[in-house]
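Visitor: Kindly generate the corresponding structure for this input.
(chains A, B, C and D)
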Protein chains: 2
Amino acid sequence: MADRPRNPTIIDVARLAGVSKSVVSRVVSGRGSVGEETRRRVLRAAEELGYVVNAVARAMVAHRTYTVGAFVRDAATPFYGHLLTAMQERAAFHGYRVVTATGSGGFEVSDEYRALETLAMLRVEALIVCSGLLPSEQILPFAARLPTVVAGRPETHPSITSVYCDEDEGGTTLAGHLLDLGHREVAVVTVPASSSVTLGPRTAAMTRRLRERGARVLEIPGPHRETAGAWATEVLRHPEITAVMAPSDRHAIALMEQLRLRDVAVPERLSVTGYDGIGDLTTSLIGLTHWRQPIDLIGSRAVDALVRLLDGEQPPDHHQVLNGTLVVGRTTAPPTG
Amino acid sequence: MADRPRNPTIIDVARLAGVSKSVVSRVVSGRGSVGEETRRRVLRAAEELGYVVNAVARAMVAHRTYTVGAFVRDAATPFYGHLLTAMQERAAFHGYRVVTATGSGGFEVSDEYRALETLAMLRVEALIVCSGLLPSEQILPFAARLPTVVAGRPETHPSITSVYCDEDEGGTTLAGHLLDLGHREVAVVTVPASSSVTLGPRTAAMTRRLRERGARVLEIPGPHRETAGAWATEVLRHPEITAVMAPSDRHAIALMEQLRLRDVAVPERLSVTGYDGIGDLTTSLIGLTHWRQPIDLIGSRAVDALVRLLDGEQPPDHHQVLNGTLVVGRTTAPPTG
DNA sequence: TTGTATGCGTTATCAC
DNA sequence: GTGATAACGCATACAA
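Guide: Below you'll find the predicted structure:
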């Protein structure tokens, strides 16, 4: 940092106002009593100097920062962006600030771990972790020192509080929807549990339920949306398949883009399902059939749980499992032919 | 905060390692020389205690936080979400952390001002402001004390550095596209300059260019996407109109959803244009014709400019105006009939 | 009501 | 190479 004029401190203000720094401290922090006349003088002096409380110094002695750290996977992902907004809002309601750290957009676990360290260094009072990538074991050391809530992903470790939408129910319900429509040959774009604790379980649930009810399932490994072209090719190599289930709305859209390039009609030739129901992709223009997660509720419940943790209460609902909704659009229909 | 075990300090580590706290400080901060054997002992003690550097205390004496503050309007908006990610990434490259504050999602200027104060209190070393709402005058007092860059919106105030995509060029080019297609009766969903310094100017540019080249323009005031139904109704009351220009992709989508409800064919009956080209709405499934802003470039350039400011250089390119791109999709076509 | 003194955890500047 | 000690800006217990 270039040498720039030092920020004014309470001492500067005190000098200008002709009082001791204690008085200034009381005025700006609002605790303790100060004479009305004195208070006015102090405020005027502060105004004149452009004084801003130094939260760093304050935190140092108060042992409090009134700040919670949110770690989100990637703000550019609608799911996390919305979650962040929901949490921010609720935290403000409780009188806490939120500082956010994100990974570098890459897929490195080590990146994410470093981001958590950053938050710990800043001495946030609590942590909200929102990432389908970071394994529980990496979170544990932080959870041991800091009240920690995991939001938006299944997390059942006994020493971590969590709020999430049941992935099992979502995958199962969506599969049921296709089965009810009459589909018996279905492709599922699957994600290994190791690469995402959200996408993995939900696609596993889809596959499981389909098979339970007697459908044949073609599993297509598809962690990355960039390979959507290959999924489309693979599905079309199996003409008996009448529906494709994607691990997320974005995956579904990527697939549908590829199907469109190949002149495959949705839902006439192939039904397609998504998952999440967050943000712009829910537009009725596309009408994607999907499972909708109650993202705002996840965010606010997570913050509420965190605040209770901060207050020293052990929330009774240690792992909150929220209900999602099946949204039936125009990308699913009974199989034809 | 409930009383929980105090975090270990260098003093605790020093005691356990049987050295003075100075040594520990040198080891964990990596400055100054320490005997190899001693270093090992210290690291082991730190490990055992789960010691984490207290950045608050460090910042206090170092007068540095290596942290820049980003204020974004609302992380749930794809434009800001992407910008945030881009900035985060570039800042990490330069060795800075980013702490993010957002407004409460509402449309209150005072909220946004408070968020900026929060960042200032945290003693961030610099500020990146990303909001089409906050007026320059509100930013000025912060810019006077802190290196400040405004990103993603036109800002020409001489004492503020900025990086943005020319709104004028975007609006003008999009209008030109419609004119070239032969449209002469066009509706523009306008936003007053007072409510957004991005949406306002771009819709003004659209209107201006259309009229310059002899088209008739119907201006429909439409700051909020929720009123899209009214826009559609208004446009359809004027059967001579063959195209509608929206202030953003999301506005365009909202409009098209309403048009779809009314069985109005796009682009056959009405051409529609968007603006931004960020995130999920760029999907080829919709094929929206729009102006694309180079969001990643805006983010990284903004951080670069900020770093130069922090290094005490006055960047020669004080206001960087970046080029966008016209993306022609399937929602615009020559007028029929 | 107001002022004084002490400590928060760290780094930096000295001696040793 | 190592260890005391003085800041940093603020809050607070206590004395005036």
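
Visitor: C-terminal to the helix or strand of chain A with the lowest mean pLDDT, which secondary structure element comes first?
Guide: Of the helices and strands making up chain A, the lowest-confidence element is helix A:109-121, at a mean of 80, by mean pLDDT, DSSP states H and E. Sequence order places strand A:126-130 as the next helix or strand after helix A:109-121, per DSSP states H and E.

Visitor: Point me to the helix or strand that includes A:Gly299.
Guide: Counting by DSSP H and E, A:Gly299 is part of helix A:295-310.

Visitor: What average pLDDT does that helix get?
Guide: Helix A:295-310 shows a mean pLDDT of 95.

Visitor: returning to that earlier point: tell me which residues in the least confident helix or strand of chain A are buried?
Guide: Using 16 or more other Cβ atoms under 10 Å in any protein chain shown as the test for burial, helix A:109-121 gives A:Asp111, A:Glu112, A:Tyr113, A:Ala115, A:Leu116, A:Glu117, A:Thr118, A:Leu119, A:Ala120, A:Met121. Bear in mind the C-beta positions are built from the backbone N, C-alpha and C, glycine included.

Visitor: Same list as before, those residues that is, but in CSV and with distance to DNA strand C included.
Guide: Converted to CSV, those look like this (distance: Cβ to the nearest atom of the strand, whole Å):
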residue, distance to DNA strand C
A:Asp111, 23
A:Glu112, 23
A:Tyr113, 19
A:Ala115, 20
A:Leu116, 17
A:Glu117, 13
A:Thr118, 15
A:Leu119, 15
A:Ala120, 11
A:Met121, 9
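
Visitor: which one of the residues you listed sits closest to B:Thr207?
Guide: B:Thr207 lies nearest to A:Ala115 out of these, by Cβ to Cβ, at 44.5 Å.

Visitor: who's in contact with that closest one?
Guide: A:Phe71, A:Ala101, A:Thr102, A:Gly103 (Cβ atoms under 8 Å, 6 or more residues apart in numbering or on different chains).

Visitor: Is whatever helix or strand the first one lives in in proximity to DNA strand D?
Guide: Meaning A:Phe71. Using DSSP H and E, A:Phe71 sits within strand A:67-72. No. Strand A:67-72 stays clear of DNA strand D (Cβ under 7 Å from any atom of the strand), getting no nearer than 14.4 Å.

Visitor: now for that strand, which elements pack on it?
Guide: helix A:78-93, strand A:97-102, helix A:109-121, strand A:126-130 (3 or more Cβ pairs under 8 Å, 6 or more residues apart in numbering or on different chains; DSSP states H and E).

Visitor: so A:Leu119 sits right up against A:Val99, yeah?
Guide: Yes. A:Leu119 lies in contact with A:Val99 (Cβ atoms under 8 Å); the separation is 7.0 Å.

Visitor: what's the overlap in contacts for those two?
Guide: Here A:Leu119 and A:Val99 have A:Gly69 as joint contacts, going by Cβ under 8 Å, 6+ apart.

Visitor: picking up where we left off before, could you give the angle of the least confident helix or strand of chain A to strand B:97-102?
Guide: 70 degrees (axes from the mean of the first three to the mean of the last three Cα atoms, to 10 degrees).

Visitor: surely A:Met321 meets A:Gly170?
Guide: Careful, residue A:321 is Val; it's not Met. No. Using Cβ under 8 Å, A:Val321 is not in contact with A:Gly170; the gap is 11.2 Å.

Visitor: Looking at those two now, which is surrounded by more residues?
Guide: The neighbour count for A:Val321 versus A:Gly170, taken as other Cβ atoms under 10 Å in any protein chain shown, is higher for A:Gly170 (26 against 15).
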